[in-house]
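Colleague: Kindly return the folded structure for what I paste below:
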Amino acid sequence: MSKETKEMMKRLVSTIEYEEFYETNRGKFIDISLSEYLLEVMAEKDLTAAQIAKSTGTGDYLYK
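Modeller: This is a model prediction of the structure:
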């Protein structure tokens, strides 16, 4: 977890109103789906789905 993410987590936990937290930090959120984010990370790290599945130790099955 990045330093910025850790700081945002601290703020979220200490905030009573989620809406206030969201409005204050709106510009720091990533506006993409989880699958898009994972594909970006895979491309950055030059990894394939097969490599990730193998590294998990769960066998050859990976839900797509």
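Colleague: Now residue 47: closest residue in space that isn't a chain neighbour?
Modeller: Among residues not flanking residue 47 along the chain, residue 41 sits closest, at 7.9 Å (Cβ to Cβ, 6 or more residues apart in numbering). Where you see a C-beta, it was placed from the backbone N, CA and C, and this is true even at glycine.
Colleague: Kindly export the helix or strand hosting residue 52 (C-alpha atoms) in PDB.
Modeller: Element membership for residue 52 (DSSP states H and E) is helix 49-56. The C-alpha trace of helix 49-56 is given here as PDB (Å, rounded to 0.1, in the frame of the first residue of the first chain):
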ATOM      1  CA  ALA A  49      -2.500 -14.000 -16.300                       C
ATOM      2  CA  ALA A  50      -0.800 -17.400 -16.500                       C
ATOM      3  CA  GLN A  51       2.200 -16.100 -14.500                       C
ATOM      4  CA  ILE A  52       0.000 -14.700 -11.800                       C
ATOM      5  CA  ALA A  53      -2.100 -17.800 -11.600                       C
ATOM      6  CA  LYS A  54       1.000 -19.900 -11.300                       C
ATOM      7  CA  SER A  55       2.500 -17.700  -8.500                       C
ATOM      8  CA  THR A  56      -0.700 -18.100  -6.400                       C
END
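Colleague: What distance do you get for the residue nearest to residue 47 to residue 3?
Modeller: 18 Å (Cβ to Cβ, to the nearest Å).
Colleague: Same check on residue 44?
Modeller: Per Cβ to Cβ, residue 44 is found 19 Å from residue 3.
Colleague: Touching the helix or strand of the chain with the lowest mean pLDDT from outside, list them.
Modeller: In the chain, the helix or strand scored least confidently by mean pLDDT, DSSP states H and E is helix 3-14, which has a mean of 81. Residues outside helix 3-14 that contact it (Cβ atoms under 8 Å, 6 or more residues apart in numbering) are 1, 18, 21, 24, 25, 28.
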